[in-house]
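Enquirer: Take a look and give me a structure for this.
(chains A, B, C and D)
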2 protein chains.
Amino acid sequence: MTASERALLTDSVHDALREMIFNGELEPDSPLSVPALAARLNVSRTPVREAVQQLIYEGLASHTRNAGARVASLDADTLKSVFQVREVLDGLAAFNAALGSDNAAVAQMRKMVQVQRELLSEPPDQRRDALLDLQFHTLIRDNAANRPLSEALSRLDGQSHLFRSDMWVTELNRRLAVCEHDRIVAAIEAGNAAEAREAASAHVAGIYVRAQRL
Amino acid sequence: MTASERALLTDSVHDALREMIFNGELEPDSPLSVPALAARLNVSRTPVREAVQQLIYEGLASHTRNAGARVASLDADTLKSVFQVREVLDGLAAFNAALGSDNAAVAQMRKMVQVQRELLSEPPDQRRDALLDLQFHTLIRDNAANRPLSEALSRLDGQSHLFRSDMWVTELNRRLAVCEHDRIVAAIEAGNAAEAREAASAHVAGIYVRAQRL
DNA sequence: AGAAGCACTATTGCATGTAATCAAGAGAGT
DNA sequence: ACTCTCTTGATTACATGCAATAGTGCTTCT
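Expert: Take a look at the predicted model:
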């Protein structure tokens, strides 16, 4: 046993900042002042600086020379680009998952969709619903057995979730999402890779199209 | 004019390290000791540390807790994964480029392929040929008008070029590469997006398959 | 009033100090 | 010879110091 299993400070800070961003505690375009955050989180500037750089790398923050970083805000063009890439990569992830998932993994997917379906009868909760959706997509790409793919998708998902609007919680979209997730899982369970790819791509495209009409 | 247009030290170091890695000066699995590199490059440890972290983000180095970083080495599985993702992303880039490239861009592409064709009559030079190939692919994705796509591809290209073997310089592969590049450019010039995607995907797949039989 | 210049403050980018930690090799015991 | 322990040396992870720089608000001039 290597004694210290304590997490790196940098990573804790990174997680904390991610959380703040997704919470809305740090809104898009908020400045990310290293000294201020260091004081707020009771750590020195170094781990904060490194965490902020990770955010920049992930596309969750942007940086300008000698002017520090701010939380990224997605303009319409970038959003479109992100979803265009997700369309093919989520498709690929589903394709691979259809070839590689074992029964346990499929069962977990089914369970997640089931949870979402049951929540349809309850009032919408944007945070919760977005988190569930994120977890579902994460589960699929984890079964794609392709690390570079997972990492790329992870960044794109993060950027997607920067864009949070009321649209995500309309009844129509919640129902459609469950329906589309169902189709993806069914294809994966059947081992039908081509269908899984098509279903996942269509799902991502659908999310984007529905986001367009606010 | 904002006075100082001098590049950030961190970025210079980052570029220097990339260069060393692609040169073979730093071979895969070489340790990246921050103090040693700092001394070698005559800068303090901070910019080196940050540059190394950028390499890690890019997938050009890997890191283990309290043990520092080393230059990444691609095992067969990872290489396969990288190429699987490149297959769809380079396809998407070509698709977009076919829709968005202006005449000047197409002319530049044509010129690059022409240069490669002319070099066929000269003896192979792995460094030069790999660089040309990289530039060609970069040119196409720059015309895809999709920043997230470019960034993802940039990382994957970097990882691809970590894997450098004699295979790249066989006569057969050089000829096939020119031929395939030609097909891509032709499709882009014709504005035939579907064909461009297919051509680019096939090209990437071809590179991988040929790399397999060493 | 509006523009231009200026001093001030906060922050960055880089340098360096330091305790904790790990890898590696010497030496002792079996 | 083999393993185990311990020391040694190097390195990381984090803290902090500091000069240079960008933004901010005030003052002054037109």
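Enquirer: wait, residue A:44 sits on residue A:38?
Expert: Yes. Residue A:44 lies in contact with residue A:38 (CB atoms under 8 Å); the separation is 6.0 Å. Every C-beta, even on glycine, is put in place using the N, C-alpha and C of the backbone.
Enquirer: Break chain A down into its domains, please.
Expert: A:3-71, A:76-212 (automatic domain parsing).
Enquirer: Point out the most buried one among these.
Expert: Across the domains of chain A, averaging neighbours per residue (mean count of other CB atoms under 10 Å in any protein chain shown) puts domain A:76-212 on top, at a mean of 18.
Enquirer: Output the longest helix belonging to chain A.
Expert: Ranked by number of residues, the top helix in chain A under DSSP state H is helix A:76-100.
Enquirer: can you tell me the average pLDDT over the helix or strand just after that helix?
Expert: Sequence order places helix A:103-119 as the next helix or strand after helix A:76-100, per DSSP states H and E. For helix A:103-119, mean pLDDT is 95.
Enquirer: repeat for stretch A:41-49
Expert: 96.
Enquirer: does it come close to DNA strand D?
Expert: Yes. Interface with DNA strand D: stretch A:41-49 contributes A:43, A:44, A:45, A:46, A:47 (CB under 7 Å from any atom of the strand).
Enquirer: Now tabulate those residues in a markdown table and tack on secondary structure.
Expert: Listed next are those as a markdown table, based on DSSP: H, G, I helix; E, B strand; the rest coil:
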| residue | secondary structure |
| --- | --- |
| A:43 | coil |
| A:44 | coil |
| A:45 | helix |
| A:46 | helix |
| A:47 | helix |
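Enquirer: Save the residues you listed as TSV, and put in distance to DNA strand C too.
Expert: Shown next, in TSV, are the residues of stretch A:41-49 next to DNA strand D (distance: CB to the nearest atom of the strand, whole Å):
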residue	distance to DNA strand C
A:43	13
A:44	9
A:45	7
A:46	6
A:47	12
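Enquirer: and of the residues you listed, the nearest to residue A:140?
Expert: residue A:47 (32.3 Å; CB to CB).
Enquirer: Pull the contacting residues for the closest one.
Expert: A:8, A:9, A:10, A:12, A:13 (CB atoms under 8 Å, 6 or more residues apart in numbering or on different chains).
Enquirer: what does residue A:171 give?
Expert: Neighbouring residues of residue A:171 by CB under 8 Å, 6+ apart: residue A:124.
Enquirer: Tell me how far the spatially most central residue of chain A lies from DNA strand D.
Expert: Most central in chain A under CA atoms, centre = their mean is residue A:157, positioned 3.2 Å from the mean C-alpha point. According to CB to the nearest atom of the strand, to the nearest Å, residue A:157 and DNA strand D sit 25 Å apart.
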